[in-house]
Structures are given as structure tokens and as C-alpha cells.
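1. build the 3D model from these lines:
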Amino acid sequence: MKILVHDRGVCLECAGCVGVCPKMALDMYGLDLQIDQEKCVRCGLCTKACPAGALKLQEMNDVL
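-> Next up is the predicted model:
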């Protein structure tokens with residue numbers, strides 16, 4: 001199973017990913033991106049919209 005992973009060190013905090021999510025699984029709180037993994041359908045639109053490559057779909061085992 002894949003999950004969406006956010007690299008805060010690379011993120012430009014542009015919020016471009018938030019607007020493209022069809023399930024509204026992403027939201028910005030100040031300069032902090034929040035990911036609702038339960039809403040995320042792993043479509044990859046946000047990863048393509050991110051100019052910095054701060055979002056990636058990764059296997060859950062690789063993250064833990």
C-alpha cells in the first residue's frame with residue numbers, strides 16, 4: 001500500500017498541491033502542509049503539481 005509523503009525540507013510552501021487534490025486531502029495550516037491519508041486516493045496529481053518534488057507516493061514499508 002502506498003501513502004503520500006511530504007518532505008518539509010524541500011517544500012516551497014506554495015500550496016499548489018492543495019488546489020489540484022480532487023478529494024481535498026491536502027490543506028495548508030500557516031506554512032505547514034497537512035495530509036489526510038484517509039481521504040487521499042493516491043492519484044498522484046499533487047506530486048505532479050509540486051514544482052519542488054516535495055510530495056511522493058511511497059510504499060508504506062519504505063516510510064516506516
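
2. residues near the spatially closest residue to residue 24 that is not a sequence neighbour, how many?
-> Of all residues not flanking residue 24 in the chain, residue 39 sits nearest, at 6.5 Å (C-beta to C-beta, 6 or more residues apart in numbering). The C-beta positions use only the backbone N, C-alpha and C, and glycine is treated the same way. Residue 39 has 13 neighbours, counted by other C-beta atoms under 10 Å.

3. got it, and the one 10 residues further on?
-> Other residues near residue 49 come to 17 when the count uses other C-beta under 10 Å.

4. and residue 7, by the same measure?
-> A total of 12 residues lie near residue 7 under the criterion other C-beta under 10 Å.

5. could I get the contacting residues of it?
-> Residues in contact with residue 7 (C-beta atoms under 8 Å, 6 or more residues apart in numbering) are 53-56.

6. which SS class is the closest residue to residue 15 other than its chain neighbours?
-> Nearest residue to residue 15, sequence neighbours excluded (C-beta to C-beta, 6+ apart): residue 28, at 4.8 Å. Put simply, residue 28 is strand when judged by DSSP: H, G, I helix; E, B strand; the rest coil.

7. how about residue 28, what does it touch?
-> 13, 15, 18, 34.

8. same thing with residue 22?
-> Shown in contact with residue 22 (C-beta under 8 Å, 6+ apart): 41, 43, 45.

9. for residue 3, list each beta-bridge partner.
-> For residue 3, the beta-bridge assignment (DSSP bridges) gives partners residue 58.

10. that one against residue 60, yeah?
-> Yes: when contacts are counted by C-beta atoms under 8 Å, residue 3 is listed as touching residue 60 (5.3 Å).

11. ok, these two, which is more surrounded?
-> Higher neighbour count among residue 3 and residue 60: residue 3, with 16 against 11, using other C-beta under 10 Å.
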